[in-house]
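In: Quick one, fold the following:
(chains A and B)
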Amino acid sequence: MNQVILLVTAVSRAVGVIAALMIVLAVAITCQMIFLRYFLNESTVWQTEVVIYLMIGATLLGLPYVQTLKGHVNVDLLPIMLPPKARKMLLVTALAAGAVVLSIMTYYGGEIAHLAFTRNWTSDTVTAVPLWIPYISMPLGFGLFTLQLIADMLELIATPADKIIVEVGGH
Amino acid sequence: MDPLILGLIVAVATIVILFSGVAVASGLLIVSAIFLIIFDGVRSLELMPEVLFGKLDNFALLSIPMFILMGASIASTRAGADLYEALHRWLTKVPGGLVISNLGACGLFAAMSGSSPATCAAIGKMGIPEMRKRNYPDEVATGSIAAGGTLGILIPPSVTMIVYGVATETSIGRLFLAGVIPGLLLVGLFMAWSIYSTWKSGSGDALQAQVYTWREKFEVLPRVVPFLLVIVGVLYALYGGVATPSETAAVGALLCLLLAVVIYRMTNLGQLWTMLRDSTKESVMILFIIGAAGVFSYMLSSLFITQAIAEWIGTLDVNRWVLMLYVNIFLLVAGFFLPPVAVILMAAPVLMPIILGAGFDPYWFAVVLTINMEIGLISPPVGLNLYVINGIAPEIPLKTILKGSLPYVGCMVVAILILCIFPGLATWLPDTLMGTAVK
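Out: Numbering: from 1, shown residues only, chains lettered A, B, ... in the order given. As a prediction, this is how the structure comes out:
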């Protein structure tokens, strides 16, 4: 079981690195676009669309990684006030509920990506980006996020109730 | 069921679920899924990922990761400390120069970073120990930095303002400008209080001027001038019509990254990755909340709740200022518990018709809302800046930091009152520079 948790976390991290690089790439492309437009007076065609997809991709693929960093903000007032056992139960339930709703997102996200692929949907711009490429980030990102939530939940279940630390400062 | 009663049930369910410790964004998705299943059937869930994706499919949002990257690259250098040091050496003749330098540095740093905790940490690391060494009371040393840090979300560029602009379809450039004068007003109020309370606590000696030679004054400049140039460059690009906020943010991010590497010699790959990781973490967290809030408001309007509330408010016959008072109380309470971005995204679709209907200016309201969010950042139970200060000055008890911050909350309330009496403080600059807004 521990190895599965470690594996999921490792995959989340790797995908997180990709997400971070996508943001850097988006910065680079945006700067290139401005350079072309204002200094060389050329028109830009594909850049705006690609940087938006890079940002969406980075967000969705970054979800599981941010979960490993405990970076998704929450309001932990109630968990802090509860006695250890109730706190553990509440936190496990919260993770489980998150995993359920994200698996729904994964399923339907996958459905859209699949439809876009089989029906050759493209964006309605000159570039006509095949839409399955940005859409695939939904099942991938949501899916890995679901797995990471489950891994965190299993780890939490294995932790004795009085050893669970809730970090203060939920903003 | 009456959409208004349904709205009340949704509100209660949202509060209960968000308080369970679940991540805010996941919580919004959970609430949305539950109500969509109950009232629209299971098949309505298939739209959830599409709505989320569509919400993020917006060029304006690109400025969020870019400005965060820009702020993070500066925050990972000594720039904050240098800024404060430079101001301190140049403001030698001013009584209370040290605390004024710290607050001024917070204001300037906020102009490069859209984040409150980052501003707090960057200035406080050097500023707090220095103020304590010079016998400033602990309350002033920590409170002033906690409060100064909140300027990060009011003085442009501000992530909070971008999110407001996207949520309410108002001009981000105009919102940024609206925050400038109120930001300076807050800096002034903070400075006045800091000096007064230091003097009152009997530590008046601390306020005495310190002497620096011209050589000392000039040697610190090369380290801050490049960053000041970046601020000027970013502002020029924004308002000189060169680029959109998102494009400006990208150039700002690139320039700040280059400055961090070239001037501050941040060539260590580990350091660079830490910076990149932290900014990715913050961007993903915020963008996920934006996407999830999109799903949440889709659920609200597909159950006709948004429309019903707007209609109900229309029938209310109350004085517009009484209404504003209620809105402020609501924002304040929400800001005590939730991050600013979440409050804006959840409240904007419901509040906007009320605000416009009562004849308030949406840009002025953005400033009032942001100051409310700033109060939440330095108030318990989840005032993030308090914990940031606690992290960089662990020897000062949280209670002292809290006690020190409270008067600054008072300053913010005063600022809101001043803005209510003189709304022009927020609207004059954007109106003058960009022409009167089309309403």
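In: Just give me the residue right at the centre of chain B.
Out: B:I153 (2.0 Å; Cα atoms, centre = their mean).
In: so where does the spatially closest residue to that residue that is not a sequence neighbour fall, helix or strand?
Out: In space, and not counting its chain neighbours, B:I153 is closest to B:T160: 4.2 Å by Cβ to Cβ, 6 or more residues apart in numbering or on different chains. All C-beta spots, glycine's among them, are computed from the backbone N, C-alpha and C. Assigned by DSSP states H and E, B:T160 belongs to helix B:159-168.
In: which regions of chain B sit below the pLDDT cut-off?
Out: Where chain B drops to pLDDT under 70, the residues are B:203-210, B:241, B:437-439.
In: what helices or strands is the helix or strand harbouring A:M138 leaning on?
Out: Using DSSP H and E, the element containing A:M138 is helix A:137-158. Secondary-structure packing of helix A:137-158 (3 or more Cβ pairs under 8 Å, 6 or more residues apart in numbering or on different chains; DSSP states H and E): helix A:2-34, helix A:47-68, helix A:84-118, helix B:47-56.
In: Mean neighbour count, these: which tops it?
Out: Ranked by mean neighbour count under mean count of other Cβ atoms under 10 Å in any protein chain shown, the helices and strands packed on helix A:137-158 are led by helix A:47-68, which reaches a mean of 25.
In: follow-up on the earlier one: and the helix holding B:T160, what other elements does it pack with?
Out: Packing contacts for helix B:159-168, counted by 3+ Cβ pairs under 8 Å, 6+ apart, involve helix B:63-75, helix B:172-200, helix B:269-302, helix B:340-357, helix B:362-377.
In: Just give me how far it sits from the chain centre.
Out: Mean C-alpha position of helix B:159-168 versus that of the full chain (Cα atoms, centre = their mean, to the nearest Å) differs by 11 Å.
In: hang on, the earlier thing: please convert the helices and strands packed on helix B:159-168 to a markdown table, extending it with distance to chain A and mean neighbour count.
Out: Listed next are the helices and strands packed on helix B:159-168 as a markdown table, based on distance: least, Cβ to the nearest Cβ, whole Å; neighbours: other Cβ atoms under 10 Å in any protein chain shown:
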| stretch | distance to chain A | mean neighbour count |
| --- | --- | --- |
| helix B:63-75 | 5 | 28 |
| helix B:172-200 | 16 | 22 |
| helix B:269-302 | 4 | 22 |
| helix B:340-357 | 8 | 22 |
| helix B:362-377 | 7 | 26 |
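In: need the helix or strand of chain A with the lowest average pLDDT.
Out: Using mean pLDDT, DSSP states H and E, the weakest-scoring helix or strand in chain A turns out to be helix A:77-81, at a mean of 81.
In: Just the CA atoms of it, as CSV, please.
Out: Below are the C-alpha coordinates for helix A:77-81, written out as CSV (Å, rounded to 0.1, in the frame of the first residue of the first chain):
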residue,chain,number,x,y,z
LEU,A,77,-11.2,26.2,11.8
LEU,A,78,-13.6,23.4,12.6
PRO,A,79,-11.0,20.6,12.2
ILE,A,80,-8.7,22.4,14.6
MET,A,81,-11.4,22.8,17.3
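In: Please identify the buried residues of it?
Out: The neighbour-count check on helix A:77-81 (16 or more other Cβ atoms under 10 Å in any protein chain shown) flags A:77-79 as buried.
In: with those in mind, which one is nearest to B:F337?
Out: Within those, distances to B:F337 taken as Cβ to Cβ reach their minimum at A:L77, with 7.0 Å.
In: of all the helices and strands packed on helix A:137-158, which lies closest to B:V262?
Out: Nearest of those (Cβ to Cβ): helix A:2-34, 16.4 Å.
In: separation between the most centrally placed residue in chain A and B:V24?
Out: Nearest to the geometric centre of chain A sits A:L63, at 2.1 Å (Cα atoms, centre = their mean). Distance from A:L63 to B:V24, counting by Cβ to Cβ, to the nearest Å: 13 Å.
In: Also B:A105?
Out: According to Cβ to Cβ, B:A105 stands 31 Å off from B:V24.
In: ok, how many other residues are close to B:W321?
Out: Residue crowding around B:W321 was assessed by other Cβ atoms under 10 Å in any protein chain shown; the count is 11.
In: Which helix or strand contains it?
Out: Assigned by DSSP H and E, B:W321 belongs to helix B:320-337.
In: and that helix, is it in reach of chain A?
Out: Yes - residues of helix B:320-337 contacting chain A under Cβ under 8 Å from any Cβ of the partner chain: B:F337.
In: do the same with stretch B:401-413
Out: No - Stretch B:401-413 stays clear of chain A (Cβ under 8 Å from any Cβ), getting no nearer than 12.5 Å.
In: Can you name the residues in contact with that stretch?
Out: B:137-144, B:146-147, B:150, B:186, B:189-190, B:193, B:197, B:371, B:374-375, B:378-380, B:383, B:385-386, B:389-390, B:393 (Cβ atoms under 8 Å, 6 or more residues apart in numbering or on different chains).
In: swap in stretch B:23-41?
Out: Residues outside stretch B:23-41 that contact it (Cβ under 8 Å, 6+ apart): A:72-75, A:97-98, A:100-102, A:104-105, B:6, B:10, B:13-14, B:17-18, B:20, B:22, B:44-45, B:48, B:285, B:288-289, B:291-293, B:295-296, B:298-299, B:302-303, B:338-339, B:342, B:346.
In: Thank you kindly, that will do.
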